[in-house]
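Q: got a structure for you, letters missing:
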């Protein structure tokens with residue numbers, strides 16, 4: 001299993017638009033092979049900062065997600081709401 005953690009920063013006044021664009025991605029993503037979890041969190045002290053937390057069975061499943069039609073369609077909507085490019089970390093569990 002891999003966990004993908006992405007930090008997104010919304011443009012001022014575009015926080016809700018970024019959230020709404022992300023919501024469009026949820027239903028089709030849940031149908032993908034290898035999907036485990038796909039959630040967005042908003043920072044409690046800075047509402048412009050969003051964290052997307054994803055879990056996938058394999059890196060290949062995540063790569064397929066990034067090549068999906070809905071990803072190609074929705075990510076530009078999200079990017080239009082962002083102040084800068086997102087930071088993406090692909091992680092593997094090393095301790096529990």
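A: Received, thanks. This structure is a prediction, so every number in the text was calculated from the model and none was measured.
Q: just the pLDDT at residue 67, thanks.
A: At residue 67, the model reports a pLDDT of 97.
Q: same check, this time on residue 96
A: Predicted confidence (pLDDT) at residue 96: the value is 87.
Q: quick one: residues contacting residue 87.
A: By CB atoms under 8 Å, 6 or more residues apart in numbering, the contact set of residue 87 is 6-7. Bear in mind the C-beta positions are built from the backbone N, C-alpha and C, glycine included.
Q: can you rerun that using 10 Å?
A: Residues near residue 87 by CB atoms under 10 Å, 6 or more residues apart in numbering: 5-9, 51.
Q: ok, and the most crowded of the residues you listed?
A: Among the contacts of residue 87, the one with the most neighbours (other CB atoms under 10 Å) is residue 8, at 24 neighbours.
Q: what pairs with the spatially most central residue of the chain across the strands?
A: Central residue of the chain (CA atoms, centre = their mean): residue 52, 4.2 Å from the mean position. When bridges are called by DSSP bridges, residue 52 pairs up with residue 6, residue 40.
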